[in-house]
Each structure stands twice: as C-alpha cells, then as structure tokens.
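Novice: With the sequence up front, the predicted model follows.
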Number of protein chains: 2
Amino acid sequence: MSYCFGVDVGGTTIKMGLFELNGELVDQWEIITRKEDHGSMILRDVAESIIDKMTKKDIEKSDVVGIGIGIPGPVSEEGTVPGAANLGWGSTDIKGTLEDILHIDVTVGNDANVAALGEMWKGGGKGYTNLVMVTLGTGVGGGVILNGKILAGAHGSAGEIGHIGVYYEETETCGCGKKGCLEQYASATGVVTLAKRRLAQDDVPSSLRQAAHISAKTVFDAVKEGDTVAMEIAEQFGKYLGRALANISAVVDPDVIVIGGGVSRAGTVLINYIEKYFKDAVFFGNRNTKFAMAELGNDAGIIGAAKMVL
Amino acid sequence: MSYCFGVDVGGTTIKMGLFELNGELVDQWEIITRKEDHGSMILRDVAESIIDKMTKKDIEKSDVVGIGIGIPGPVSEEGTVPGAANLGWGSTDIKGTLEDILHIDVTVGNDANVAALGEMWKGGGKGYTNLVMVTLGTGVGGGVILNGKILAGAHGSAGEIGHIGVYYEETETCGCGKKGCLEQYASATGVVTLAKRRLAQDDVPSSLRQAAHISAKTVFDAVKEGDTVAMEIAEQFGKYLGRALANISAVVDPDVIVIGGGVSRAGTVLINYIEKYFKDAVFFGNRNTKFAMAELGNDAGIIGAAKMVL
C-alpha cells in the first residue's frame, strides 16, 4: 500500500493527515505550533510527527510518494518562503529542510492556495479545474486554481484577493498597510465595521442596536429576520465582494467561485447578496461563472496538501 | 528545414508570417479579411494563402510543424469560438476547419492573448514567463501569460482587462453593455472622454481648449509641455489604470506588466502616471512587479501565433 501526507501549518496548530493514493483520509491528527525561537522547531516537529506516524502504522519510506505542506506565507515555486510572520519565520527553505530530514519528496504551497486545491478536489469545486476560492474569516484569503494547479505567482503572491482595493476613500488602514482593501469589509471584522458605520448614520430601528456584541453572525441572522438596516449592511458587503469577484473573473475566468470561511456559514443568504452584485458587474463572457459554498471546513488544508503530491 | 506559420486575423486584414523554428521571421504578408457572407470565406482564404506560400517557397507539408492563429473572439481550449462579431462569425470550429483543409496541426488563441505571448517571447516581456499585457488602442485589450502559456480561461474570457469595473457611478455605457469599465477611460477614446469632462468643469486655461481635435496624443503631448489641465487628465487616466493593474497583480502576480497599443506611444510619461498609482495601490507582495513598453507593434500577433506551436 502507498501513502502520502498532507500538512497544514497554522499559527496555533499544525494539522496533519495520512492519505491513501486514491485520496482516502486514513488518519488525521494535530500538533502544537511551537513559535518560540523564531519558529525554528516547527519543521523538525512536522518531520518527527510524520516519522512517528510511519513507525506506528508500519509504513516504510518507500511506501510514501510525497508530503504536501501548506504554509501561511508567500511560497515560491522552489518551496521557499521569504518569511511567514505568523510562524516567526524569516527566509526559510521548507522543501530543502524537510527533504534533508525525511528523504521523501516535499511539495510546498501557500495555505490559502492549498485549501483552494482541496476544495477543487473534494469540496465545493469538485468536478472543475479552474477555480477561485475566497475565504471570509478573520481576514479574507484567496486561492486561484488554473487547469487543476495552484497559481503561485511570480513572487508567491497570487490569489491575494483580500488585498484588492475596493474603496479608495477609506481612512482606516488594513493589516497590510494599504487603505480600502476588500478584507476591510468582507472579513468577519469587516462586516462589523460596515455594521457600526451604518448604525452610526441615523436612528432607524434595528435589532442590531440591542445586541450586546455585534458579529458577522449577528448581522446575517438579523438579515434572515428581515431587519432592514442589517439588509443594507449585507448589500454593502455584497457590493464590495460581488464587484471584486466580477473583476477577478474578467482576469482569470474561472469555472466556479467557492466561498468559505466563518462568515460564509451564513449560507445562501450571503451568496445571494454576492451574486446580485457579481451579475450586475460581470463581463458577459464570464456570466456563466458558478458560485458554490466550501465544503471541507478546516480539513481543506490537509486535503489540498495531499493533492499537491498526487 | 522546418517551419511554422503565425496568423493574426483582424477585422480588416489578416497578417501572416512564415517562421523558422528558431523563431526567425522568414516572410510576412497580408490578405484582406472578407467579411461578406458571415465571414465564411475567411478560413478558406487563410488556408489558400498558406498553401500558396508553401508552393512558392517549395515547402512540403512534412516541413511544417504547425500553424498558430489568433482570432478576435473568446477561444476555447479546443480551438473553437462561440462567435466573433468583428468577423461576422457565429460558432466556428477554427482548428477543425483548417486542419481538414491543410492536414497540418493548428493551434488557436484569442488575438490579445496571442499578442501577449508574442511580447513575452520577443518583445517587452522577454526573459519572463509570467506576464500581463494591456493594449491601449481603440479599446483596451488584455492578455495573461502564466508559466509561458496563454491563460484562456474556463469560458475563453480570461484577460478581459478592459472590462474590469473601475468607476461605478458612470452613466455612459461601455461597448460591452456595462458601465464604468476600464476601457471607458484608458482607451484612445477613453482619454478623450476624460479630457472633455475635465475641460467642461471650469475655464482654467489649457492648450487643449485651442485644439481643433482632441485625441489621446494631443493630451499626452500637452502633458509633456507642462499643461496643468492635461496633467490632471493624465492623473485620472493613471489612477484608473494603475489601480486596476494593482488589483490584477494581487490575483495573478505577474513578473512584468507590458503596456502596448496606440495610446502607449506617449512613452515614459504615460508609464510614470500608471506606475505612480500602481505603487500606491499595490499589495506589498506584488510590489516588485515590473513595467515595460510593448516592442513588437502590429507584429506581436503573428509572432505570438508562431510561438503557440513552437
């Protein structure tokens, strides 16, 4: 029997999966991300955990066709990153380091891109080979898959959809240092920003004014109950995201756009607002682009990482 | 000796080139595009012209490795178009039709994408494999080259950069039916629109007010002479185009952006206005993206077409 490993390195935990070559997930587990000492133990920990699993499962090195690994940073085609702030890393040769320890082929990708590949393979983008994924979480992540392969970009910075400029009059600064990025309106905190701004405009009654704590979930729950102020906030969210996705489509022309991340749990109501503005703004040649919800949740990373080596 | 042909089908003429396999252009010529009868004679004319050239040059079919052809319409990976308005075509199987007549391998691409490939091979993008090309002509065309290959897109509509939305308050309609497309401000006629709107705003003196006829050239010539109103128009042009290119970079992360088309003849002054807003709007991971001027002019199409088969 032959196997591969899929690894998804996050700022808190490292998710790992053992896969058969048909893509079946045989085992999955997590280890802690040790960020001390500039994250110098992370790759060694990954290697040890893989060796440990192979020993326990009685798997030989010759049975492992490869290891795929997703990293929260810009990854070059050679498997290096210039740095990954969430891990404490400076310039790191991920592929070289792991292969030196394990003597197994390693393929490295950016974590958002790898998750997009996972969704293409077994999730919301199943059956398609050209896909754009947008992850609406704490930030807005993105991944572009073309002809079944991750688009890494010339500087490892393709698919940085959260940092598309959508509002050039913005006064607050995005985490990236720019002003008016999509992430400032379409992330979980972005929806809250939109809500606070709308509520400050006037005194129109809204259930959101009684909420002890406003979150993206509060807003979309209120939308489902027909709260008109919440619906205006959702329109604003849909406008920024739908128009940005229309522009992305004019550039890469995907089969399908997959929406994931915590904010997307709002479900169909959310897609409706996005699609409304997408359809209004999209070039006619891209009008048949489909929308789908992500299906793999937190497993997208290990599944996509495994797919990189298969 | 082995050869290939590069063909660039336009609405008025069809440009053709005979190439050696090292890329040297041995001969180039043009034929008229006969659009009568829904353009039904166009592909036959192309085939006859190729046969004619082979006869005159004493080239055998076995000496020709392939024919590349650029078409002004969305081209599928299978070499078909759903339609090409400029040629009078409905759904057309270009590859199948030409191969049936010639019994030589045919590769088909969208004309703007093919020109981008040409600029990558022998023009402004030489030495790079990831490139975005923007052609500022009557309209705004675009092409995306990734890992040395044309990105066609799931619906043959990738690289439609002219139809990225940049101004959502626009009241005039673009040729595509939308409002506020980049093409409405960055094409030759777009620059004239910006100029007329600026001049109508007030009575600030400008050499443009004395011009019998305002064109993109008039505007950029006035910029070079330090005309402040013309410089404001150029700022507006640079803002729309520079910001759009920054957003494109966040999605596909090219090595280089190549600027071509008639408007680009204004030269360095034009690039300066674009780069100013690009740098201001670009995500830090894409900040090292280079700018270059297109170098091949009207030959980009046949050169890129030849490259498709080499």
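Specialist: Structure's in. What do you need?
Novice: Show me which positions of the helix or strand A:Lys196 falls within end up buried.
Specialist: Secondary structure assignment for A:Lys196, by DSSP states H and E: helix A:188-201. The neighbour-count check on helix A:188-201 (16 or more other CB atoms under 10 Å in any protein chain shown) flags A:Ala188, A:Thr189, A:Gly190, A:Val191, A:Val192, A:Leu194, A:Ala195, A:Arg198, A:Leu199 as buried. C-betas here are computed from N, CA, C, even on glycine.
Novice: Report the separation between A:Gly6 and chain B.
Specialist: 24 Å (CB to the nearest CB, to the nearest Å).
Novice: Check the offset of the helix or strand harbouring that residue from the chain's centre.
Specialist: Per DSSP H and E, A:Gly6 falls inside strand A:3-9. Put simply, strand A:3-9 sits 17 Å off its chain's centre (CA atoms, centre = their mean, to the nearest Å).
Novice: CA atoms only: put it into PDB for me.
Specialist: Output of strand A:3-9 as PDB, limited to C-alpha atoms (Å, rounded to 0.1, in the frame of the first residue of the first chain):
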ATOM      1  CA  TYR A   3       0.500   6.700   1.000                       C
ATOM      2  CA  CYS A   4       1.100  10.500   1.100                       C
ATOM      3  CA  PHE A   5       0.900  13.000   3.900                       C
ATOM      4  CA  GLY A   6      -0.900  16.400   3.900                       C
ATOM      5  CA  VAL A   7       0.200  19.000   6.300                       C
ATOM      6  CA  ASP A   8      -1.400  22.400   7.100                       C
ATOM      7  CA  VAL A   9       0.800  24.600   9.200                       C
END
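Novice: Could you give the average pLDDT over whichever helix or strand comes after it?
Specialist: With elements assigned by DSSP H and E, the helix or strand that comes after strand A:3-9 is strand A:13-20. For strand A:13-20, mean pLDDT rounds to 97.
Novice: Any buried residues in strand A:13-20, and which?
Specialist: Neighbour counts over strand A:13-20 (16+ other CB under 10 Å) mark A:Ile14, A:Lys15, A:Met16, A:Gly17, A:Leu18, A:Phe19 as buried.
Novice: Give me the contacts around the helix or strand harbouring A:Gly68.
Specialist: Assigning secondary structure by DSSP H and E places A:Gly68 in strand A:64-71. Applying CB atoms under 8 Å, 6 or more residues apart in numbering or on different chains, the external contacts of strand A:64-71 come out as A:2-9, A:21, A:46, A:50, A:54, A:81, A:84, A:87, A:94, A:98, A:102, A:104-111, A:113-115, A:301, A:304-310.
Novice: The first helix or strand past it going along the chain pairs with which strands, and in what direction?
Specialist: The first helix or strand that comes after strand A:64-71 along the chain, using DSSP H and E, is strand A:80-81. Strand A:80-81 has its sheet partners listed here by DSSP bridges as strand A:92-93 (antiparallel).
Novice: need the next SSE after the strand it pairs with, C-terminal direction.
Specialist: Next helix or strand after strand A:92-93 toward the C-terminus (DSSP H and E): helix A:94-102.
Novice: buried stuff in that following helix?
Specialist: A:Ile94, A:Lys95, A:Thr97, A:Leu98, A:Glu99, A:Ile101, A:Leu102.
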